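# show me the folded form of this:
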Amino acid sequence: MSLTTIQKIRAIIQDDLQAASETFTVTGGVSYQLTYFPVVGTSVVCSAGTFTVVEASGTVIFTSAPTGSTITITYSHVNLLDDTIQVFIDLEDAACDGTADIRLAAADCLDSIASSQALILKKIKILDLQTDGPAVADSLRKHAENLRDQVTGALGLEPCFDIIEQVEYEDWAAEHEKLVKDILRSGL
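Numbering: from 1, shown residues only. The predicted structure follows:
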């Protein structure tokens, strides 16, 4: 079985499908906001009525309002939809003339998730409950940096740096030597 590029990236960033189930009673209205999203639209199973799902926002919209019954919805959710992952693949391929390493797109995905987590979770402490969105984001960004380092290491790329020479003021011999080296480096 051969994995698609999106499946490979999901494996790298550990964005597996997560199952969820919610039970509620409709008290008017034709829509319901799921707790977890984005939602994989094809995974949604509802015990009542016909509906559509807005994957990105996790909104279930019924064609007609269910009346007073208890409804159960089971679904799967992820951190990034396939379409979003494909955008990162396309961006990296465009930057590398179609030869991008998928780890670069995976790193972009992790950066996106990190930004989202930092914005959503923030750093909060209430009684015994504590969230640390910036720490989660930092961990994800380090994972993204590690992926980028793997790609540059595999390609034999090294960080860019320049040569700096220090010459003592009024040391005519050193200044002459630096001048000769500068001329040789410039190819004149």
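# grab the nearest non-local neighbour of S43.
For S43, ignoring the flanking residues on the chain, the nearest one in space by C-beta to C-beta, 6 or more residues apart in numbering is S76 at 3.9 Å. Heads up, the C-betas are built off the backbone N, CA and C, glycines and all.
# name the helices or strands packed onto the helix or strand harbouring the one you found?
S76 is located in strand 70-77, with elements delineated by DSSP states H and E. On a contact count with 3 or more C-beta pairs under 8 Å, 6 or more residues apart in numbering; DSSP states H and E, strand 70-77 meets strand 18-25, strand 45-46.
# angle of it against strand 18-25?
Comparing the axes of strand 70-77 and strand 18-25 via axes from the mean of the first three to the mean of the last three C-alpha atoms, to 10 degrees yields an angle of 160 degrees.
# who touches strand 70-77?
Residues from elsewhere that reach strand 70-77 (C-beta atoms under 8 Å, 6 or more residues apart in numbering): 17-26, 32, 34, 36-40, 43-49, 53, 58, 60.
# show me which of the residues you listed are buried.
Among those, the ones that count as buried by 16 or more other C-beta atoms under 10 Å are 20, 26, 32, 34, 37-40, 43-44, 46, 49, 53, 58, 60.
# report the rounded mean pLDDT for the biggest helix by length in the chain.
With secondary structure taken from DSSP state H, the chain has its longest helix at helix 133-154. What helix 133-154 shows for mean pLDDT is 84.
# to the chain's geometric centre, what's the distance from it?
Put simply, helix 133-154 sits 11 Å off its chain's centre (C-alpha atoms, centre = their mean, to the nearest Å).
# tell me what that helix is packed against?
On the basis of 3+ C-beta pairs under 8 Å, 6+ apart, helix 133-154 makes packing contacts with helix 102-121, strand 123-126.
# who's in contact with the shortest one?
In this structure, residues lying in contact with strand 123-126 by C-beta under 8 Å, 6+ apart are Q130, T131, D132, G133, P134, A135.
# cool, the longest one as well?
Residues from elsewhere that reach helix 102-121, judged by C-beta under 8 Å, 6+ apart: 5, 8-9, 12-13, 15, 79-80, 84-85, 88-89, 91-92, 96, 131-134, 136-138, 140-141, 143-145, 147-148, 150-151.
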